[in-house]
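# attaching a predicted model along with its sequence, questions to come.
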Amino acid sequence: MTRVGLLFPGEMGALVGSAVRGEVLWASEGRSEATRRRAEAFTDVGTVRELVAASEIVISLCPPAIAEDVAAEVAAEGLDGIYVEANAIAPERARRIGGLLRCVDGSVIARTGLNLYLSGDAEDVTAVAALFPEGEVNAIPLEGGIGAASALKMAFGGWNKIGVALAAQAHAIARAYGVEDALSGEGVESDRVLRAAPKAWRWAPEMEEVAATCAALGLPDGIPHGAADLYSRWDAHRDRPAELDRLLDDLNRKG
């Protein structure tokens, strides 16, 4: 049975870990009680050092800002197996991590089901995909090497999350002039905005990664920077429901 180390089993990480065919290890040192509850079905080995030593494959699902620090820590511990970099980061950052470790680039997209796209060395991609033979996670290989899966995440994440940010902006404008009902009547519903608010603390850094990807390609990067700014104003709603009026109030720095 393959032993798979799972770093940072958050909401998405726990779903991915639960679908693995093999023994899933995690490290509880320094983790929150909420993380401990999500990881109850996994084997706790205590520390990242023990996790790296015991794992044949390590999957990293962490906040984008610390992705390279986490990879460097794993590299320093001497991982001998495959490192799955599955975070929402720009392709260039994925390639840098690929210079530290035997890396498979991964991206998780949960539009219909939960798709785990994988790119990199073909044999390593096949080995990681074999962890998910069926069930909630669909492992999908991509051509293009390290960076391809991250590029897909940037493309999809920008399209999806910037769209939500534009809906929030539209409702803020409409509310200021008392035309919210007419806006909703034209199909700009607020449901996506309400669903996004508890996750905005994660989405703001991802939008900065989209902006970096655009800049590297010579594309305009102002739109994702603006979305990052909008989501950063919702930090107070982290992991909890919010009312639309409060969300729109928080967008207005003049208020």
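Perfect, I can see it now.
# any idea how far R195 is from H225?
23 Å (Cβ to Cβ, to the nearest Å). For the C-beta atoms, the positions are set from N, CA and C on the backbone; glycine is no exception.
# the more surrounded of these two?
H225 (17 against 11; other Cβ atoms under 10 Å).
# ok, the more buried one - contacts?
With contact taken as Cβ atoms under 8 Å, 6 or more residues apart in numbering, H225 is in contact with M207, E208, A211.
# by neighbour count, which of these wins?
M207 (28 neighbours).
# which helix or strand contains that one?
helix 200-216 (DSSP states H and E).
# now do that helix: everything it contacts.
63-65, 88-93, 151, 154, 157-158, 161-162, 165, 196, 220-221, 224-225, 227-229, 231-232, 234-235, 237-239.
# out of the residues you listed, which are buried?
64, 88-91, 93, 151, 154, 157-158, 161-162, 165, 196, 221, 224-225, 227-228, 231, 234, 237 (16 or more other Cβ atoms under 10 Å).
# which SS class is V58?
What DSSP: H, G, I helix; E, B strand; the rest coil gives for V58 is strand.
# which SS class is the most centrally placed residue in the chain?
Among the residues of the chain, the one closest to the centroid is A88, at 4.4 Å (Cα atoms, centre = their mean). The three-state label given to A88 by three-state DSSP is coil.
# let me see the contact set for it.
Per Cβ under 8 Å, 6+ apart, neighbours of A88: P64, S107, K153, M154, G157, R202, P205, E206, E209.
# ranking helices and strands of the protein by mean pLDDT, which lands last?
helix 33-38 (a mean of 90; mean pLDDT, DSSP states H and E).
# could you give the separation of the host helix or strand of V4 from the chain centroid?
Following DSSP H and E, the helix or strand that holds V4 is strand 3-7. A distance of 17 Å separates the C-alpha centroid of strand 3-7 from that of its chain, computed with Cα atoms, centre = their mean, to the nearest Å.
# re earlier: filter the buried ones among the contacts of helix 200-216 down to just the ones in strands.
Among these, no member is found in strands (DSSP state E).
# helices of the protein, start to end?
11-18, 33-38, 48-54, 67-76, 91-98, 122-129, 148-176, 180-185, 191-196, 200-216, 222-232, 244-251 (DSSP state H).
# quick one, which of the ones you listed gets closest to V137.
Set against V137 and scored by Cβ to Cβ, those come closest in helix 11-18, at 5.8 Å.
# what angle separates the closest one from helix 200-216?
90 degrees (axes from the mean of the first three to the mean of the last three Cα atoms, to 10 degrees).
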